[in-house]
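A.B. asks: Return a 3D structure for these sequence lines:
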Amino acid sequence: KLCDWGVNLISKLNDATVQDILNTEHGGINEVYADAYQMTGDEKYLTAAKRYSHQTMVTNMQTVNSTFLDNKHANTQVPKYIGFARLAQEDNKSTVSTVNSYRKAAHNFWTEVVNNRTVAIGGNSISEHFLPASRGSEYTTHPDGPESCNTNNMMKLTEDLFADRQDAKYADFYEHA
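C.D. replies: Residues are numbered from 1 along each chain as shown. This is a model prediction of the structure:
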C-alpha cells in the first residue's frame, strides 16, 4: 500500500517536477519500486522505479566521469545507483539501450567511486560528500571522514554488479569493505 501511495503521488506530477524532487536525498526509492516489481510482477511498480530514477545521474555516468561527483552529497547518490542496477536486472521490456544506460551508469559510478574516492576500508565521503580526487588524502585525516552507511550501500551496489558480471574486482572490494 505504501508503494501504491507513491505511485499515486507521482501520477499527479510531470516528469520535470519529479526530476527536481530527485535532486534531494530520498533513499533508494527506485530500488524499492524495482523490488516491488520483482515481488509482484505489477508493471506499475517498474514504471514508478523508472520515474523515480534521477536521469541526470544516469546521463552523466555513461562514461567514467572523474569530476561529475565532486562535492555531491554521497549519501544521496549511492542509493540512486543501486536502484539503477536493480532496474537493469528487472526491466526485460524496455529497449536494450534503456536497460543498458542504467547498467552502464551503475557500473561507471562504482568504478569512479571505488577507484578515485574510496579508502581501503571502503569509505568514500567527508561530511557525507564526495571530495574531488585531488583531495582524497582527506578521507583518512578529516574528523568527519568516511561513514559506514556509504560503505554499506556500496556493498549493496557491489552485490548487484557482481550478479551482473562475475568480476573478481567486485569480490575484492566487498572483502576490503
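A.B. asks: Can you report how many residues neighbour the nearest residue to residue 106 once chain neighbours are set aside?
C.D. replies: Distance criterion CB to CB, 6 or more residues apart in numbering; nearest residue to residue 106, sequence neighbours excluded, is residue 85 at 4.0 Å. Bear in mind the C-beta positions are built from the backbone N, C-alpha and C, glycine included. The local packing of residue 85 (other CB atoms under 10 Å) involves 27 other residues.
A.B. asks: List the buried residues for the longest helix seen in the chain?
C.D. replies: For the chain, the helix with the greatest residue count under DSSP state H is helix 96-116. Using 16 or more other CB atoms under 10 Å as the burial criterion, the residues of helix 96-116 that qualify are 99, 101-110, 112-114, 116.
A.B. asks: For it, give the mean pLDDT please.
C.D. replies: Regarding helix 96-116, the rounded mean pLDDT is 92.
A.B. asks: Just after that helix, pick out the following helix or strand.
C.D. replies: Next helix or strand after helix 96-116 toward the C-terminus (DSSP states H and E): helix 138-141.
A.B. asks: next structured bit after that following helix?
C.D. replies: Using DSSP H and E, the first helix or strand after helix 138-141 is helix 148-164.
A.B. asks: CA atoms only for that next one, dumped as CSV, please.
C.D. replies: C-alpha atoms of helix 148-164 as CSV (Å, rounded to 0.1, in the frame of the first residue of the first chain):
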residue,chain,number,x,y,z
SER,A,148,29.7,3.2,7.4
CYS,A,149,26.3,3.9,5.7
ASN,A,150,28.0,4.7,2.4
THR,A,151,30.2,1.6,2.8
ASN,A,152,27.1,-0.5,3.4
ASN,A,153,25.4,1.0,0.3
MET,A,154,28.4,0.5,-1.9
MET,A,155,28.5,-3.1,-0.7
LYS,A,156,24.8,-3.5,-1.8
LEU,A,157,25.7,-2.0,-5.2
THR,A,158,28.6,-4.3,-5.5
GLU,A,159,26.4,-7.3,-4.9
ASP,A,160,24.1,-6.3,-7.7
LEU,A,161,27.0,-5.5,-10.1
PHE,A,162,28.7,-8.8,-9.2
ALA,A,163,25.4,-10.6,-10.1
ASP,A,164,25.6,-8.8,-13.5
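A.B. asks: Tell me the helix or strand right after that helix.
C.D. replies: Sequence-wise, the next helix or strand downstream of helix 148-164 (DSSP H and E) is helix 168-176.
A.B. asks: now the angle from that following helix to helix 148-164?
C.D. replies: Interaxial angle, helix 168-176 versus helix 148-164 (axes from the mean of the first three to the mean of the last three CA atoms, to 10 degrees): 150 degrees.
A.B. asks: what about helix 168-176, average pLDDT?
C.D. replies: Average pLDDT, helix 168-176: 94.
A.B. asks: ok so, going back, nearest to residue 164 among the buried residues of helix 96-116?
C.D. replies: Distance to residue 164 across the buried residues of helix 96-116 (CB to CB) is lowest for residue 103, with 6.6 Å.
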